[in-house]
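Chemist: starting from these lines, generate the structure:
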Amino acid sequence: MTEHFVPAFDVAMLAHIEDLEAIASSTTNDFESILGAYDRAGSLLSKVAGVYGNYTSSLNTPDMQLVQTEMAPILSRHNSKTYDIPGLFEKIESMYQVKDEKLKSGDWTAEQSRFAERVYIKFVRMGAKFDATTKAEYADIQAELATLQTKFRQNILKDEEEWELVLEETDFDGCPADVIAAARQVAIDKKKTEPNVYVMTLGRSMVEPFLSYSTRRDLRKTVFDAFSKRGESLISPDRDNLKIATEILRLRKRQAQLHNKGSFADYQFEDTMAQTPEAGMKLLNDVWEKSKDAAKREREMLESFVSKKGETLEGGIQGWDWRYYAEQVRLAEFNFDENDMKPYLSLDSVTNAAFDVSNKLYGLKYVKRDDIVAYHPDVNVYEVHRNDKLVAIFLHDNYARPYKGSGAWMSELRTQTKNLAPGTVPIKAIPIVLNNNNFNKGSDHTLLSFTDGVTLFHEFGHGHHGMLSDATYEYLASTSVLKDFVELPSQLMEHWLSEPVVLKEHAKHYLTGEVLPEDLIKRFKAAELFNEGFNTIEYTSCAMYDIALHSLPDYNDDFDLAKFEQDYLKEIDMPQGIIMRHRPAHFAHLFGSSSYASGYYVYMWGESFPFSV
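Modeler: Just a heads-up that it's a prediction; the model follows:
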């Protein structure tokens, strides 16, 4: 499979350039011949890139990583070239200059006017107004960023693949049965089939339950340290993501300078709803102080519990202790153990709940297609119908596995459009949407934590954004919105799982079919907000750090990224015992691409919308 990508890209990139050159040389200067054609340009490249992008995130084998490393700068330079086709920008600019007049006269729709604006802005932000020398430098910066960001992501993947902690069953004292079973399954998958051999990895869906329930403080620390230091060259000295991230910051700073911006944060925020780093930081600061107060109260509850138990913790509550004692306090104060809910939250039950909410909200129906072979046996494929009409193909890839990136995300193999070239079969307008999660696969049934269930619902909200897209032009379709709007559909969707009406209908015991007891729902709701101070601090510190880091005026030769993290967290009075959810060396949102760089705040920005929608 991997050997086909390079020649496929060669053909597709050439066709893309030919499409754009035809627009630039056309003697017809109307919307359809310029912007309509621009929207359709590169259709073959989009097709290849969609498949390629999914493989590099979901099945990035060593052979695939070699292709990815080779193609990163090539694809970047191709992208830069598409904004420097002689005569093309002049055509785009001519459309931008008449958009208001055309909209006012009724010759254009609001969507066409918006399209003209967004394409023009993108060209400008990609350096279309630069002189030839600056364009060349800008293309070099983009290519180098693509190479470094690819290396950053691959280093994380390799650390997560290579690190393991081999344990015996007695080492899992306090852990739920599904965590123990998952560790045994990992051992088997790694060909460690001897009896009583269990393997811990650095997948979040394995790490966090272990930190929450293991009674072994020494093992919690071992797992916590490895997980929190991914990418710091500890597992392999050849994988130093702090060094890579520093080079990325310097390149981004130069990129911003070429746009006459004081910082990369200024450059990024210019094309957002927030508009300025100060606006983004204000939202975060408003939450930060309240979250610190909540975390302080939570910490006091944990310390009181430890004291009453007669325990002594050297150094007090540390990062490898917080989750464990939070669960102990949750049980003692609220009589609630999240493990009691897991049997009612099988992957099948939560998926059916998401489908049902999707149907009730949007009228979507999901028809499983076992006859369609996907890129991995674990992937489920569905036709999605609305009013008896096919509106999307949906692929659900839920399990963690080797060579799959960590986290959860939505992507597309094909984006919705109505702007098909003459003679194109109508099915090409139908989006193909993917949701990726990283749940530990059970040997029989896969049971989810409530947090895992929320993650599934969250990504399904992004999936709705793609499946329900109704744009005329692919350029404006699906998640092609301002970055701080993109999290709204996901935030709206994720709230539904905790609704009692959803739990009562779909949370059923995976063995008996028993409905989640009313008393357990009440105890869950009573405990729902406990430890939210901790959770909010974990996230908000990341978002504040992101903006502060990308707002720096310079990154001199003596700039130390690790020291900046330490100093900044001290400056904002980071509560003891809590660390950033994503530390710099594995903060892929920031350094795995530029998309969320100086933009991690968007989750909280998006979260503020559901309360006013």
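Chemist: check contacts around the residue sitting nearest the centre point of the chain.
Modeler: The structure's the chain has its C-alpha centroid closest to residue 409; by CA atoms, centre = their mean the separation is 4.6 Å. With contacts defined as CB atoms under 8 Å, 6 or more residues apart in numbering, residue 409 is in contact with 57, 435, 436, 459, 462. (Each C-beta comes from the backbone N, C-alpha and C, glycine too.)
Chemist: what's across from it in the sheet?
Modeler: Residues in a beta bridge with residue 409, per DSSP bridges, are residue 436.
Chemist: where do the helices sit along the stretch 1-150 of the chain?
Modeler: Taking DSSP state H, counting those that start in this stretch as the criterion, the stretch 1-150 of the chain carries its helices at 5-25, 31, 37-40, 43-58, 62-82, 88-105, 110-125, 132-162.
Chemist: need those in CSV (columns: mean pLDDT).
Modeler: Conversion of the helices of the stretch 1-150 of the chain to CSV gives the following (pLDDT from 0 to 100):
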stretch, mean pLDDT
helix 5-25, 98
helix 31, 97
helix 37-40, 98
helix 43-58, 97
helix 62-82, 97
helix 88-105, 98
helix 110-125, 98
helix 132-162, 97
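Chemist: count the residues that sit near residue 293.
Modeler: A total of 12 residues lie near residue 293 under the criterion other CB atoms under 10 Å.
Chemist: if I read this right, it contacts residue 536, doesn't it?
Modeler: No. The pair residue 293 and residue 536 fails to qualify as a contact (CB atoms under 8 Å) at a distance of 10.8 Å.
Chemist: between the contacts of residue 409, which is nearest residue 327?
Modeler: residue 459 (25.1 Å; CB to CB).
Chemist: you'd agree the closest one is up against residue 398?
Modeler: No. With contact defined as CB under 8 Å, residue 459 and residue 398 do not form a contacting pair (9.7 Å).
Chemist: before we move on, back to that, among the contacts of residue 409, the buried ones, what's the PyMOL command?
Modeler: Only the buried members of these end up in this PyMOL selection, burial being decided by 16 or more other CB atoms under 10 Å:
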select buried, resi 57+435+436+459+462
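Chemist: of all the contacts of residue 409, which two lie farthest apart?
Modeler: Taking every pair in the contacts of residue 409 and measuring CB to CB, the maximum separation is 14.1 Å, between 57 and 462.
Chemist: alpha carbons of the strand or helix carrying residue 562, as PDB, please.
Modeler: Here residue 562 is covered by helix 561-571, with elements defined by DSSP states H and E. Output of helix 561-571 as PDB, limited to C-alpha atoms (Å, rounded to 0.1, in the frame of the first residue of the first chain):
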ATOM      1  CA  LEU A 561      11.600  25.700  26.600                       C
ATOM      2  CA  ALA A 562      11.600  23.500  29.700                       C
ATOM      3  CA  LYS A 563      12.600  26.500  31.900                       C
ATOM      4  CA  PHE A 564       9.900  28.700  30.300                       C
ATOM      5  CA  GLU A 565       7.300  26.000  31.200                       C
ATOM      6  CA  GLN A 566       8.600  26.000  34.800                       C
ATOM      7  CA  ASP A 567       8.800  29.800  35.100                       C
ATOM      8  CA  TYR A 568       5.400  30.400  33.500                       C
ATOM      9  CA  LEU A 569       3.500  27.900  35.700                       C
ATOM     10  CA  LYS A 570       5.100  29.500  38.700                       C
ATOM     11  CA  GLU A 571       4.000  32.900  37.500                       C
END
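Chemist: what comes into contact with it?
Modeler: Outside of helix 561-571, the residues that reach it under the criterion CB under 8 Å, 6+ apart are 242, 245, 246, 249, 541, 545, 548, 549, 580, 583, 584.
Chemist: among the residues you listed, which ones are in helices?
Modeler: For those, the ones inside helices are 242, 245, 246, 249, 541, 545, 548, 549, with DSSP state H as the criterion.
Chemist: take those and write them to JSON lines, including distance to residue 98 and pLDDT.
Modeler: Supplementary listing: those in JSON lines, determined by distance: CB to CB, whole Å; pLDDT from 0 to 100:
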{"residue": "242", "distance to residue 98": "49", "pLDDT": "97"}
{"residue": "245", "distance to residue 98": "43", "pLDDT": "98"}
{"residue": "246", "distance to residue 98": "45", "pLDDT": "98"}
{"residue": "249", "distance to residue 98": "40", "pLDDT": "98"}
{"residue": "541", "distance to residue 98": "47", "pLDDT": "98"}
{"residue": "545", "distance to residue 98": "43", "pLDDT": "98"}
{"residue": "548", "distance to residue 98": "41", "pLDDT": "98"}
{"residue": "549", "distance to residue 98": "41", "pLDDT": "98"}
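Chemist: residues contacting the residue nearest to residue 73 when sequence neighbours are not counted?
Modeler: Sequence neighbours aside, residue 143 is the residue nearest to residue 73 in space, at 4.2 Å (criterion: CB to CB, 6 or more residues apart in numbering). For residue 143, the contacting residues are 73, 76, 77, 80, taking CB under 8 Å, 6+ apart as the criterion.
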